[in-house]
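Novice: this one's sequence-less:
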């Protein structure tokens with residue numbers, strides 16, 4: 001992939017020299033080029049890149065490590081590809097997940113969490129900015145709506161938000177933001193991952209609002225150890241003077 005404004009009769013001399021010195025030969029038949037530029041003004045779209053004295057084919061999209069990148073880095077093609085692939089899986093699943101017979105509603109949800117959701121969220125930290133466009137959000141919301149109908153076996157007239165509640169699934173936009181958030185939390189200095197046991201506890205991020213009329217206050221965070229499908233619950237007790245406020 002080449003990032004530049006314009007190239008004319010450009011030969012990758014450094015790469016070919018390095019390959020020759022290390023006794024490596026690049027396959028020019030499998031190599032392509034792409035011009036990456038975010039400038040809005042009119043500019044030359046064609047570039048001439050040579051490898052082994054052969055002109056490389058210029059493309060508008062390139063798939064790298066499973067992510068489809070375009071010349072503007074908008075990732076619209078990648079989102080479309082992921083949505084269409086998941087749609088085909090859902091249609092295949094629909095043959096077995098019927099309303100009165102077939103797979104139980106737990107099975108489609110397992111398939112959604114184990115197969116469909118990883119496909120939708122793959123590489124989310126890279127293309128998360130593309131979700132600010134309505135057309136991209138609608139594609140993912142449509143896919144989740146389709147699988148939620150199979151999980152809940154509800155009527156097609158049911159609203160999308162209600163389907164997430166009935167099917168007990170997190171809205172895909174929030175799930176995407178959560179995946180990016182978890183990725184950023186795992187990253188630390190030196191490029192190493194931060195273990196879960198070293199994550200900061202949510203109680204340590206609690207903020208205390210100072211009140212002028214009270215001077216004695218106490219915040220206590222407690223849990224009874226009970227666990228549900230969402231995780232272990234907790235509560236916060238806020239003491240202000242002689243009053244007790246529970247949140």
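Specialist: Cool, the structure landed. Computed from a predicted structure; not experimentally measured. Numbers count the residues shown, from 1 in each chain.
Novice: in this protein, what helix or strand scores lowest on average pLDDT?
Specialist: Sorted by mean pLDDT, DSSP states H and E, the helices and strands of the chain end with strand 243-246, the least confident at a mean of 43.
Novice: how about the helices in this structure?
Specialist: Secondary structure of the chain (DSSP state H): helices at 13-21, 76-94, 106-111, 117-121, 124-127, 134-152, 160-166, 172-186.
Novice: can you list the neighbours in contact with the last one?
Specialist: Contacts to helix 172-186, defined as Cβ atoms under 8 Å, 6 or more residues apart in numbering, come from residues 117, 120-121, 124-125, 128, 131, 137, 140-141, 143-144, 170, 193-194, 199. Where you see a C-beta, it was placed from the backbone N, CA and C, and this is true even at glycine.
Novice: give me the low-pLDDT residue ranges for this protein?
Specialist: Scanning the chain with the threshold set as pLDDT under 70 gives 1-11, 40-43, 96-105, 188-247.
Novice: switch the cut-off to 90
Specialist: For the chain, the stretches with pLDDT under 90 are 1-66, 69-74, 88-115, 147-161, 163, 165-169, 178-247.
Novice: if we can go back for a sec, determine which of the helices of the chain approaches residue 35 most closely.
Specialist: The closest of those to residue 35 is helix 76-94. By Cβ to Cβ, the value is 15.8 Å.
Novice: any idea how far residue 155 is from residue 86?
Specialist: Distance, residue 86 to residue 155, by Cβ to Cβ, to the nearest Å: 22 Å.
Novice: these two: which has the busier surroundings?
Specialist: In terms of neighbours (other Cβ atoms under 10 Å), residue 86 is the more surrounded of residue 86 and residue 155; the figures are 23 against 9.
Novice: I'd say that one and residue 116 touch.
Specialist: Yes: Residue 86 sits in contact with residue 116 when judged by Cβ atoms under 8 Å, with a separation of 4.9 Å.
Novice: give me the common contacts of those two.
Specialist: Applying Cβ under 8 Å, 6+ apart, one finds that residue 86 and residue 116 are jointly contacted by 143, 147.
Novice: mind giving me the domain ranges of this protein?
Specialist: Partitioning the chain according to automatic domain parsing yields domains covering residues 10-59, 73-191, 202-246.
Novice: OK, contacts around residue 45?
Specialist: Taking Cβ under 8 Å, 6+ apart as the contact definition, residue 45 lies against residue 35.
Novice: now it: how far from residue 36?
Specialist: 12 Å.
Novice: and what of residue 17?
Specialist: Between residue 17 and residue 36 the computed distance is 24 Å (Cβ to Cβ).
Novice: same question, residue 131
Specialist: For residue 131, the distance to residue 36 equals 21 Å [Cβ to Cβ].
Novice: stretch 18-30: end-to-end distance?
Specialist: Taking Cα to Cα, to the nearest Å, the first and last residues of stretch 18-30 lie 19 Å apart.
Novice: that older thread, among the contacts of helix 172-186, which ones are buried?
Specialist: Burial by neighbour count, judged by 16 or more other Cβ atoms under 10 Å, picks out 117, 120, 121, 124, 128, 131, 137, 140, 141, 143, 144 from the contacts of helix 172-186.
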